[in-house]
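**Student:** just a sequence and a predicted model for now, questions to come.
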Amino acid sequence: MTKIRILIADDDYMFCRLTADLIRSQGYLVDTASTCEEARALLNAKEFDLVMQDMCFPALQDGFAMLEEARAAFPKMSILMISGSGHIPDAVNAIKYGANDFIEKPIAKDHLFIRLSCLSENIIMQRDLRSLQVSSIGMVGSSAPMHKLYDAIIQASKFDTPVLISGETGVGKELVARAIHRLSDDGDKEMVIVNCASIPHELFEAEVFGYEKGAFTGAVGMRKGYFEHAENSSILLDEISELPMLEQAKLLRAISEQEIQKLGGKPQKVNTRIISASNQDLPQRIKDGEFRDDLYYRISSIVIEVPPLRQRPEDIIPLSRHFINSFCARNHVSPKGLAPSAAAWLLEQNYRGNVRELKNTVERALVFSQSDTLTVVDFTTTEGLEDIESLSYREIVLNFERTYLEQALIIHDLNISKTAAYLRMDKSNLWKKLSTLGIEMPRK
């Protein structure tokens, strides 16, 4: 278990030194600061679980300014205020400004140990709870941007306030939405996902709000809409920026009034948690007259920005290994390794499609790989398959055949007999195929 790290902030150097030695004897990690500048530098350099701060820090001033600053910058950190006066109003003000506890000088050893033990138990409990919550989020990544994202997800899940998830294509906005729902009180219910870009204009109301029997020609029975299916659960409005202005107005009423009206029916209340997602800059679309500002304010009480992969390169290799293991398990293939050179190659790429592109890159290499370890060859021999928009079907097939045969030859050291046996082809047929595809074998 990770030890508790404590910062003692007090102008009294001897007090800091003696108290630090005493606390270290109990297994805590301790740093000391005698000035505000030292305290700020240490707080920014290390991750502290607890700060013990003197009430008059800096000297001849009350420590509430420093307390407020620390609480604002590090909201999860515990704070134990120390007072030499023992006045009750000091204790009240300390708690008011964000301290977790209060202790008086001179500090009795046993008294200090009891206070630290209680605070440590709460710190460890909160740490374990967050670890469980992060694991249940189901996303891969331990970078600072991802931990910031995890905190936002956990905080958003505590309330039924509308959430807007923004980010580039392929960053995992739907995963974030699912995590918020899963951690919420209604996480045991199914979340309804609506792709706003795929709903035809003329079917919007029928699909989203539903209809009653006889509401229009062909309505032979009542049908629930997406909102009604999401009763007492969450609804994800994906690609909400793609909704036309008229549909935005209809959606606004449902969100603001928490009320829907089926085609041919009466208004009815719905209790649905609204989560929206967009890869567009909605404030800019508002300026361009393409998105309603009143709808934006309704859906963006909480805004969560999902970081692109280029802002967290340290997550590329863990993600790649996760995709390798998932693919192998899903396809009943023996687990494969990742060669150091292949890992270096993956780190050098520019993933415009973010995590989704990385996943496709890894899985494409796995399809062509014939060894127990992915190498650079497995990734680079499939690069030509990406730009296929301008190719005909026959050209795509020929490119695939050419790439596949080149890969097979490389794996078998350009040995025609071994390659033909591997491909279950006659050697003469293999030679003909190589000639047709323009693959030249090097002369001996």
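**Tutor:** All right, it came through fine.

**Student:** can you list the domains in the protein?
**Tutor:** What automatic domain parsing lists as the domains of the chain is 5-129, 144-305, 311-437.

**Student:** who wins for proximity to residue 137 among those?
**Tutor:** Residue 137 sits nearest to domain 144-305 of all those, at 4.2 Å, using Cβ to Cβ. C-beta here means a position set from N, CA and C on the backbone, and glycine is covered the same way.

**Student:** residues near the closest residue to residue 24 other than its chain neighbours, how many?
**Tutor:** What sits nearest to residue 24 in space, not counting adjacent residues and going by Cβ to Cβ, 6 or more residues apart in numbering, is residue 30, at 5.3 Å. Neighbour count for residue 30, taken as other Cβ atoms under 10 Å: 20.

**Student:** so what pairs up with residue 30 in the strands?
**Tutor:** For residue 30, the beta-bridge partners are residue 6 (DSSP bridges).

**Student:** that one touches residue 6, doesn't it?
**Tutor:** Yes - counting by Cβ atoms under 8 Å, residue 30 touches residue 6, with 5.0 Å between them.

**Student:** quickly list what's touching both of those two.
**Tutor:** residue 23 (Cβ atoms under 8 Å, 6 or more residues apart in numbering).

**Student:** send the alpha carbons of the helix or strand hosting residue 151 over as CSV?
**Tutor:** Element membership for residue 151, per DSSP states H and E: helix 144-157. In CSV, the C-alpha atoms belonging to helix 144-157 read as follows (Å, rounded to 0.1, in the frame of the first residue of the first chain):
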residue,chain,number,x,y,z
ALA,A,144,-2.3,13.2,-16.1
PRO,A,145,-4.9,14.2,-18.7
MET,A,146,-6.7,10.9,-18.2
HIS,A,147,-6.7,11.2,-14.4
LYS,A,148,-8.2,14.6,-14.8
LEU,A,149,-10.9,13.0,-17.1
TYR,A,150,-11.5,10.3,-14.6
ASP,A,151,-12.1,12.9,-11.9
ALA,A,152,-14.6,14.7,-14.1
ILE,A,153,-16.4,11.5,-14.9
ILE,A,154,-16.7,10.5,-11.2
GLN,A,155,-17.9,14.0,-10.2
ALA,A,156,-20.5,14.2,-13.0
SER,A,157,-21.9,10.8,-12.2
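
**Student:** in terms of secondary structure, what does that helix contact?
**Tutor:** helix 109-137, helix 173-183, strand 302-305 (3 or more Cβ pairs under 8 Å, 6 or more residues apart in numbering; DSSP states H and E).

**Student:** mind checking which of the ones you listed is nearest residue 203?
**Tutor:** helix 173-183 (22.4 Å).

**Student:** which helices and strands sit right next to the closest one?
**Tutor:** So helix 173-183, by 3+ Cβ pairs under 8 Å, 6+ apart, packs with helix 109-137, helix 144-157, strand 163-166, strand 233-238, strand 272-278.

**Student:** buried sites along the longest one?
**Tutor:** Read that as helix 109-137. 112, 115, 116, 119, 120, 123, 133, 134, 137 (16 or more other Cβ atoms under 10 Å).

**Student:** surely the fourth one meets residue 99?
**Tutor:** No - no contact is recorded between residue 119 and residue 99 when judged using Cβ under 8 Å, the distance being 10.8 Å.
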